[in-house]
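[1] next comes the sequence, and after it the predicted model I'd like to discuss.
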Amino acid sequence: MTLTNALHMFKGGAPQGPAGTGKTETTKDLGKNLATFVVIQNCSDQMDHNSLGTNFCGLAMEGAWGCFDEFNRITLDVLSVITTMIKDILDCIKKGSGAVCIGDAPAFIAKPNTGLFITMNPGYAGRT
């Protein structure tokens, strides 16, 4: 219910909890029940804002959902950039018009059925 309400308000979702509790599977099953393509991306500390920005653009242009698994593994300097990208996409969807420009990519219209989700396992050692 919480994830569907978040989508209705043009927000994302962020389930968190121990490994193996169904965070990613819940997102995948919700997408399946709503006939929406869900792309799962396993995050690591090696990811940069350019590659994530490309993923966000592709998801928003197609109206697909992205589930960024173990999001808390991304480094803080990258998080500071990509949170702005996510906000820009969600703001564009909420307005219902206008183009959004992410990084070096050309401006595009984000489809309204785009969904961005993150999952976190905060209890793992060495992660924040």
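    Nice, I can see it. Numbering: from 1, shown residues only.
[2] what about residue 19, how many residues nearby?
    Residue 19 sits with 10 neighbouring residues when counted by other C-beta atoms under 10 Å. Any C-beta I mention is one placed from the backbone N, CA and C, and that applies to glycine too.
[3] I'd like the numbering to begin with 213 instead of 1 from here.
    Sure, I'll start numbering at 213, so the last one becomes residue 231.
[4] that one reaches residue 331, doesn't it?
    No. Using C-beta atoms under 8 Å as the test, residue 231 is too far from residue 331 to be in contact (10.0 Å).
[5] after the longest helix along the chain, heading C-terminal, what element do we hit next?
    The helix that spans the most residues within the chain, counting by DSSP state H, is helix 288-307. Per DSSP states H and E, helix 288-307 leads on to strand 327-330 as the next helix or strand towards the C-terminus.
[6] which residues does that next one contact?
    Residues from elsewhere that reach strand 327-330 (C-beta atoms under 8 Å, 6 or more residues apart in numbering): 215, 219, 224-227, 239, 243, 248, 268, 271, 276-280, 283, 298, 301-302.
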